[in-house]
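Undergrad: Following is a predicted model, sequence given first.
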Amino acid sequence: MKLYNTLSGKIEPFVPLEEGKVKMYTCGPTVYHYAHIGNLRNYIMEDILEKTLRYIGYEVTRVMNITDVGHLSSDADTGEDKMLKGAKREHKTVLEIADLYTKAFFQDCEKLNIKYPDIVSPATSHIADYIKMIETLLAKGYAYESQGNIYFDTSKLDDYYQLTNHQEDDLVVGARAGVEYDDSKRNQADFVLWFTKSKFDDQELKWDSPWGIGYPGWHIECSCISMCHLGETLDIHCGGVDNIFPHHTNEIAQSEAYLGHKWCNYWVHNEHLNIASGKMSKSTGEFITVATLEEKGFDPLSYRFFCLGSHYRKQLLFHYESLESAAKAYQKLKQRVRGLLLDSSGEVDSKIVFQYDRQFQEALMDDLNTANACTVLYDVLKLDCNNATKLDLIRKFDSVLSLSLLETVEVDKNLEQYILEQIAKRQEAKEQKDFATADRIRSELLKQGIVLRDTRVGTTYEIEEK
Ligand code: AMP
Ligand code: ZN
């Protein structure tokens, strides 16, 4: 398996710490609103990574946090807590908001065939872990108290910017939206580990700590949740590219200062989904959800199919027209597979399965080339072999692609019965060399949008999109 590692800036062979096992951590959603389809692109691609690793034989443990406290609207240490903002917007408590949007998030994931991670942990359930890590950082001299908050001292590290290629100035100015000069910090890159004094509204959820009643910073959550479930080392950490700085940079800083050794070997980042006006974002309010897609008549899985057509490290521009073409191609694909199910008798040709399965794996092992993996799927559909062999391969591929290709599509049972009868009549006519009748049946069906395909192993059909 080869993966692009943001830490080295290169595509590298993936070698886990323990043979055959992968410890994977993925930053979860901030549950103050519905996830938009940009967020979900990120989780679709992480799902593909997890399933690919499993497919090629690794035992994967995947952990995801749920951010229900501490994520301020600037991604840095300023702005209002996003959860509190959501609670005010909806006249609910923070916990009610967290519960509502956590459930909504996993419902969306289910509709997109995104597997539930092995472990899901809300940030509010790890307060003791944050306190322990902060105490150690203070004791080791990596943290300090100032004006009521505990900060991480970035000047204590030789390589604070190891994930970001040392573009210190660019990053501080460019990436931290709403960054302001903060006189309580020793260095402007320092970040909050524990708040007891926020410049903004009073926090709803607060806990006692050795430094007074307060709440954790956002970054400390992921370090502690990962270590709680996966131990002191990690194979893969994922997130969107906007998480590289400051979130993941700060996670590395505090984790490695705390542990005294390297923490995570591979950092995998997904590019954004954009709309014409720029990045799709929750905070600007301009976002499309799974529910929006459904209201417009799209099967959520056609969005998954749309995402698989492009590489995770490339920005993807969202237009309804492109989703529309993806949706048509997806329906056609499902119909072709359904056609194969009409006659799946025969023996699976293991040589063919081996050959095409290898091609499929090679595509995914090449830094998750999902578009090439889909091409292998189309190649299989065109193969000159029996349906049983094709279906065997499709079943295997779909365990990673997760497009529900073999699930029964909603087809009118009467219509199907009628088509099958027509196919049988045409076959009979052909056997009796009555080609005129056979052709008439075919063109009658065509007029109704039903296309027959004669394959070596029988006739299949597709219902054309209207
Ligand atoms: P949030 O719920 O805001 O914490 O974001 C959840 C995940 O979605 C993070 O890993 C972000 O990096 C990612 N993300 C945010 N916006 C986009 C976008 N437009 N396209 C793809 N991923 C995104
Ligand atoms: Zn995180």
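TA: Perfect, I can see it now. Numbering: from 1, shown residues only. Ligands and ions are numbered 1, 2, ... in the order given.

Undergrad: number of nearby residues for Leu53?
TA: By other Cβ atoms under 10 Å, 25 other residues sit near Leu53. Where you see a C-beta, it was placed from the backbone N, CA and C, and this is true even at glycine.

Undergrad: Do a quick rundown of the strands in the stretch 201-350 of the chain.
TA: Using DSSP state E, counting those that start in this stretch, the strands of the stretch 201-350 of the chain run over 215-216, 234-240, 264-270, 273-275, 278-279, 316-317.

Undergrad: Please identify which of those strands is closest to ligand 2.
TA: Each of those was scored for nearness to ligand 2 using Cβ to the ion, and the closest is strand 234-240 (6.1 Å).

Undergrad: Please work out which residues outside that closest one touch it.
TA: Contact with strand 234-240 is made by 3, 16-17, 22-27, 39, 42, 46, 49, 226, 247-248, 251, 263-272, as judged by Cβ atoms under 8 Å, 6 or more residues apart in numbering.

Undergrad: ok, now stretch 261-268?
TA: 3-7, 12, 14, 17, 25, 49, 163, 223, 232-238, 244, 248, 252, 255-256.

Undergrad: Can you point out the buried residues in that stretch?
TA: 263-268 (16 or more other Cβ atoms under 10 Å).

Undergrad: That one vs ligand 1: in contact?
TA: No: using Cβ under 6 Å from any ligand atom, stretch 261-268 stays clear of ligand 1, coming no nearer than 11.0 Å.

Undergrad: And that stretch, how far out from the chain middle?
TA: Centre-to-centre, stretch 261-268 and its host chain are 19 Å apart (Cα atoms, centre = their mean, to the nearest Å).

Undergrad: avg pLDDT for that stretch?
TA: For stretch 261-268, mean pLDDT rounds to 98.

Undergrad: picking up where we left off before, mind giving me a markdown table with the strands of the stretch 201-350 of the chain and columns for distance to Asp81?
TA: Below are the strands of the stretch 201-350 of the chain laid out as a markdown table (distance: least, Cβ to Cβ, whole Å):
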| stretch | distance to Asp81 |
| --- | --- |
| strand 215-216 | 8 |
| strand 234-240 | 20 |
| strand 264-270 | 25 |
| strand 273-275 | 25 |
| strand 278-279 | 22 |
| strand 316-317 | 30 |
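
Undergrad: a markdown table for those strands, including distance to ligand 2?
TA: Converted to a markdown table, these look like this (distance: least, Cβ to the ion, whole Å):
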| stretch | distance to ligand 2 |
| --- | --- |
| strand 215-216 | 12 |
| strand 234-240 | 6 |
| strand 264-270 | 12 |
| strand 273-275 | 19 |
| strand 278-279 | 18 |
| strand 316-317 | 22 |
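
Undergrad: which non-adjacent residue is nearest Lys10?
TA: Once flanking residues are discounted, Lys10 sits nearest to Tyr4: 7.2 Å by Cβ to Cβ, 6 or more residues apart in numbering.

Undergrad: burial count for the residue nearest to Leu364 when sequence neighbours are not counted?
TA: Take Leu364 and drop its neighbours on the chain: the residue closest to it by Cβ to Cβ, 6+ apart is Thr52, 4.5 Å away. Other residues near Thr52 come to 23 when the count uses other Cβ under 10 Å.

Undergrad: What average pLDDT does the helix or strand containing Thr52 get?
TA: According to DSSP states H and E, Thr52 maps onto helix 37-55. If you average the pLDDT over helix 37-55, you get 98.
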